[in-house]
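J.: sequence-free structure coming up:
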Ligand code: ADP
Ligand code: MG
């Protein structure tokens, strides 16, 4: 059965039994019962309550099995301890889907978790799926079914909310803001149906054009990511994810582990899946309203037309912050404006028509209109401060003749184009200028310029995402023989180790054609000298012990060794330091390697996130990496474009592009390592974490100077 077959009985039932329907107007059960009865549901509703004979004039049944008709959906509102018995009756009745409103499940701990297991087992037995438990119901426009405590307005937005009460409040607020719905789904504890399954269903739901998610957590991150990425190419997904505080950043063995927390992974997953993320309800509504009323801009150039310089600067600042451009208008359009506006106005962009220019602007609409088609501009922002000024009413009144001419015109008639967002900002409580911009010119109106620009940026980001994924890229795949790598991994696990030494780690990288410094394992001073001579001075000596993963912390790294004597001294010192650092650590030997010329130090790392699976990071290395956390992160696998974006995204990317005495580095070499690591991680699922730290970047090429690979713990037999 597909997810559509499984969830259709819940969202498109022909008959619904409300089990635990209540006649008490102070109870939620009653509100939902009334909503359901009042909604113009296409099918039939039956009420089940053994204690009362009728509710609102509707006959009740004492059990679902007594209903003299087939039941598709059971809405269960009885106390948790009675739910299993009710479910058994539903199985007997061959009910096809269930919503459990009742609380008392995993939120109450051990006992609740047992209950959750029990209801899931019953659902499998009855061959139906469960929405909830601990939820606030469902609205589905497809059949006009309303099992929520609110009256719903039919539209094209599906809202899936993990929070029940708050979810309903958002649902209500959205409707007050003119947003209308195809579905409201309160997912509750998500004991059975998970987020990715709701998404899959909504992907195929013709009534739903836009999806909004309110999430506290995601259970099946990878599945969620995969389906979300597919959906966003057709329908946008807006999401709020709460619970961003620092938890779960457990003591990590690698730098990557320490750098990558839950929040960073969510951010990457949402971004890569093209989800439009809002950080609060205000932002969510701002973006939703923009998407539902405006076209997507074709590019990131914003035209700013304002009646006061200040608001123009505020808007331009926000544009700069959000990667939007504010290019000058075309010469012709600047000329048009010069003929109309006072000489002290600004004509380039932002265009400040000034308080005294307003009249001319509105008075010469026919000519001004042309500027909105400026080829350099993809979105327009308006503001006309002055609400509350004495005399403003008279001034705006003087525009009346012009306004009359614009009355009832479409956007294309007013501005000559409808392929660009037209967004305004100003005092929301104002009744003079706001109606002029909002009602007359049909502009979407926000209370501040920053919020208006932020909405333009959200639309533009989504358009960029769509453009990018329109071009499908060939997947990068490593070629070669991976037997050596397999052997290293198997042998390490056999030895009940999970930490690969630097030498083993570099061997695996070499198999994957990733450039590393050559390394030789010296077991005594003589061997160390022999290898140093073979490699050529200067060399580096490092401790090799599975128990010492941070080698310099143990005094286990000696660089710049120029001759035999220095090699011998370094050898002895390292052994001594290691003994002092951890007397029990077995020392396998000392690695002798070429001292690489200093390049730009970067870190590349991977780890497996418990929710979203493998991720990769890239950042500027050195001792400051953990302090600044200037990293870019992606879910794996990545494409070449992803890799290039990762490189350009970090704050210190100018260092890579060449800065002062630093020459620009070989970006291709860097991108190539990122792609190889991506494929390597896919190829070896036993690799849990990987740290290439540092990697030296040069104007021509790159080399991995230190590598640490950690295997999955459960695979090392204790
Ligand atoms: P760890 O991270 O375990 O402390 P590293 O191998 O990263 O040890 O060594 C510490 C530092 O020494 C590196 O960050 C790098 O600056 C320098 N270093 C290590 N190996 C080399 C090498 N082969 N060539 C040049 N510098 C090196
Ligand atoms: Mg290191």
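T.: Alright, I've got the coordinates. Treat the numbers as computed from the prediction; the structure is a model and nothing was measured. Ligands and ions are numbered 1, 2, ... in the order given.
J.: Would you check how far apart the closest residue to ligand 1 within the stretch 351-500 of the chain and residue 595 are?
T.: The minimum distance from the stretch 351-500 of the chain to ligand 1, using CB to the nearest ligand atom, falls at residue 499 (11.3 Å). Where C-beta positions appear, they are placed from N, C-alpha and C, glycine not excepted. Residue 499 is 25 Å from residue 595, where distance means CB to CB, to the nearest Å.
J.: my guess is residue 447 meets residue 434, correct?
T.: No - if you go by CB atoms under 8 Å, residue 447 and residue 434 don't touch, sitting 9.9 Å apart.
J.: okay, those two: which has more neighbours?
T.: More crowded of residue 447 and residue 434, by other CB atoms under 10 Å: residue 434, with 19 against 16.
J.: Please pull up the helix or strand immediately following the helix or strand harbouring the more buried one.
T.: Element membership of residue 434, judged by DSSP states H and E, is helix 433-435. Moving toward the C-terminus from helix 433-435, the next helix or strand (DSSP H and E) is strand 444-446.
J.: quick revisit: quickly list what's touching both of residue 447 and residue 434.
T.: Taking CB atoms under 8 Å, 6 or more residues apart in numbering as the criterion, residue 447 and residue 434 both touch 426-428.
J.: Which one (most neighbours) among those?
T.: residue 426 (28 neighbours).
J.: Mind checking what secondary structure the nearest residue to residue 105 once chain neighbours are set aside has?
T.: Of all residues not flanking residue 105 in the chain, residue 112 sits nearest, at 4.2 Å (CB to CB, 6 or more residues apart in numbering). With DSSP: H, G, I helix; E, B strand; the rest coil as the basis, residue 112 sits in helix.
J.: Count residues in the vicinity of residue 112, would you?
T.: Counted with other CB under 10 Å, residue 112 comes out at 19.
J.: One more: residue 675?
T.: Neighbours around residue 675, by other CB under 10 Å: 21.
J.: Going forward, count from 856.
T.: With the count now opening at 856, the last piece we talked about shows up as residue 1530.
J.: Was I right to think it contacts residue 1493?
T.: Yes - taking contacts as CB under 8 Å, residue 1530 lies within contact range of residue 1493: 7.0 Å.
J.: Just the buried positions in stretch 924-932, please.
T.: Neighbour counts over stretch 924-932 (16 or more other CB atoms under 10 Å) mark 926-932 as buried.
J.: For residue 1502, see how far away residue 1354 is.
T.: The gap separating residue 1354 from residue 1502 is 29 Å, by CB to CB.
J.: do residue 1466 as well
T.: 26 Å.
J.: Give me the three-state assignment for the closest residue to residue 1425 other than its chain neighbours.
T.: Closest residue to residue 1425 apart from its sequence neighbours, by CB to CB, 6+ apart: residue 1413 at 3.7 Å. Three-state call for residue 1413 (three-state DSSP): strand.
J.: Just list whatever residues bridge to the residue of the stretch 1206-1355 of the chain closest to ligand 1.
T.: residue 1565 (DSSP bridges).
J.: where's it relative to ligand 2, distance?
T.: 13 Å (CB to the ion, to the nearest Å).
J.: so who does that residue touch?
T.: Taking CB under 8 Å, 6+ apart, we find residue 1354 in contact with 1108, 1401-1402, 1404, 1563-1566.
J.: hang on, the earlier thing: which residues touch the residue nearest to residue 960?
T.: With CB under 8 Å, 6+ apart, residue 967 has these contacts: 935, 959-961.
J.: Write the ChimeraX selection for whichever of the residues you listed are buried.
T.: The buried residues among those can be selected in ChimeraX (16+ other CB under 10 Å) with this line:
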select :935,959,960,961
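J.: Tell me the one of the contacts of residue 967 nearest ligand 1?
T.: residue 961 (41.6 Å).
J.: can you list the residues of the stretch 1456-1573 of the chain near ligand 1?
T.: Selection of the stretch 1456-1573 of the chain residues close to ligand 1 by CB under 6 Å from any ligand atom yields 1548-1549, 1560-1561.
J.: and the residues you listed near ligand 2, which?
T.: The subset of these within reach of ligand 2, counting by CB under 5 Å from the ion, consists of 1548, 1561.
J.: if I look at the residue minimising distance to the centre of the chain, how far off is residue 1560?
T.: Compute the mean C-alpha point of the chain, and by CA atoms, centre = their mean the closest residue is residue 1125, 1.7 Å away. Distance, residue 1125 to residue 1560, by CB to CB: 34 Å.
J.: Residues in contact with the host helix or strand of residue 1171: which ones?
T.: According to DSSP H and E, residue 1171 maps onto helix 1164-1176. Under the criterion CB under 8 Å, 6+ apart, residues 1157, 1159, 1161, 1179-1181, 1201, 1205-1207, 1236, 1238, 1240, 1280, 1304-1305, 1307-1309, 1312 lie in contact with helix 1164-1176.
J.: if we go to 7 Å?
T.: Contacts to helix 1164-1176, defined as CB atoms under 7 Å, 6 or more residues apart in numbering, come from residues 1157, 1159, 1161, 1180-1181, 1205, 1207, 1236, 1238, 1240, 1304-1305, 1308-1309.
J.: ok, so of those residues, who is nearest residue 1421?
T.: Using CB to CB, residue 1180 is the member of the contacts of helix 1164-1176 that sits closest to residue 1421, with 55.6 Å.
J.: shaky segments in the chain?
T.: 1099-1112, 1478, 1570-1573 (pLDDT under 70).
J.: Would you mind giving the shared contacts of residue 1302 and residue 1289 as CSV with distance to ligand 1 and secondary structure added?
T.: As requested, the shared contacts of residue 1302 and residue 1289 are exported to CSV (distance: CB to the nearest ligand atom, whole Å; DSSP: H, G, I helix; E, B strand; the rest coil):
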residue, distance to ligand 1, secondary structure
1281, 54, coil
1282, 56, coil
1283, 55, coil
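J.: Need the three-state assignment for whatever residue of the stretch 1256-1405 of the chain ends up closest to ligand 2.
T.: The minimum distance from the stretch 1256-1405 of the chain to ligand 2, using CB to the ion, falls at residue 1405 (7.5 Å). When classified by three-state DSSP, residue 1405 comes out as coil.
J.: I'd like to know how many residues surround it.
T.: Neighbours of residue 1405 using other CB under 10 Å come to 13.
J.: top of the contacts of residue 1354 by neighbour count?
T.: In terms of neighbours by other CB under 10 Å, these top out with residue 1564 at 30 neighbours.
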